[in-house]
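Enquirer: structure, please.
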Amino acid sequence: MPGINDAIRQINNLNLGNKLCYQKIATNHGVDRTTLSQHHRGVQMDQKTKNLNQLKVNPQQEEELVQYVISLTERHFPPTREMIKNFVRGIAKVNVSETWVTHFLHRHKDVLTNRWTSPMAANRHAADS
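Expert: Residues are numbered from 1 along each chain as shown. Below you'll find the predicted structure:
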């Protein structure tokens, strides 16, 4: 979106006395006038910004959650999905769904494992059931 960003930059650099003409600036940068107007007024934003605004947990909080799950796992106490939901509720003060937990585990599948760590753990689980 370099065209939009350049056009927004040009609008922001206008002197207060100058008249703002979205059509002229949009034509100069090869963007749609309506899109430029909406971006400038904050009605519309680029997809990356929109996605960041819709996150339940910000990236820093999510990274801290990953590190906490790793530390619990290293101490042989891997958290359950319900425990992860409770951790998020404590960190971000929002409730998350099972789907969010599934997506969280999928996003961090390179560092988090979603399986039994040993055959003995699976046998213990079967015995408790």
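
Enquirer: make it CA atoms for all contacts and neighbour counts henceforth
Expert: Noted.

Enquirer: tell me the pLDDT of Asn53.
Expert: Asn53 is assigned 66 on the pLDDT scale.

Enquirer: starting at the chain centroid, how far to the lengthiest helix in the chain?
Expert: Longest helix in the chain by number of residues (criterion: DSSP state H): helix 59-74. Offset of helix 59-74 from its chain centre (C-alpha atoms, centre = their mean, to the nearest Å): 16 Å.

Enquirer: now do the buried residues in it.
Expert: Glu62, Leu65, Val66, Val69, Ile70 (16 or more other C-alpha atoms under 10 Å).

Enquirer: tell me which helix or strand His39 sits in.
Expert: helix 33-41 (DSSP states H and E).

Enquirer: tell me who's in contact with Arg81.
Expert: Glu98, Val101 (C-alpha atoms under 8 Å, 6 or more residues apart in numbering).

Enquirer: tell me the secondary structure at the spatially most central residue of the chain.
Expert: By C-alpha atoms, centre = their mean, the chain has its centre lying nearest to Leu55, at 4.3 Å. Classification of Leu55 using DSSP: H, G, I helix; E, B strand; the rest coil returns coil.
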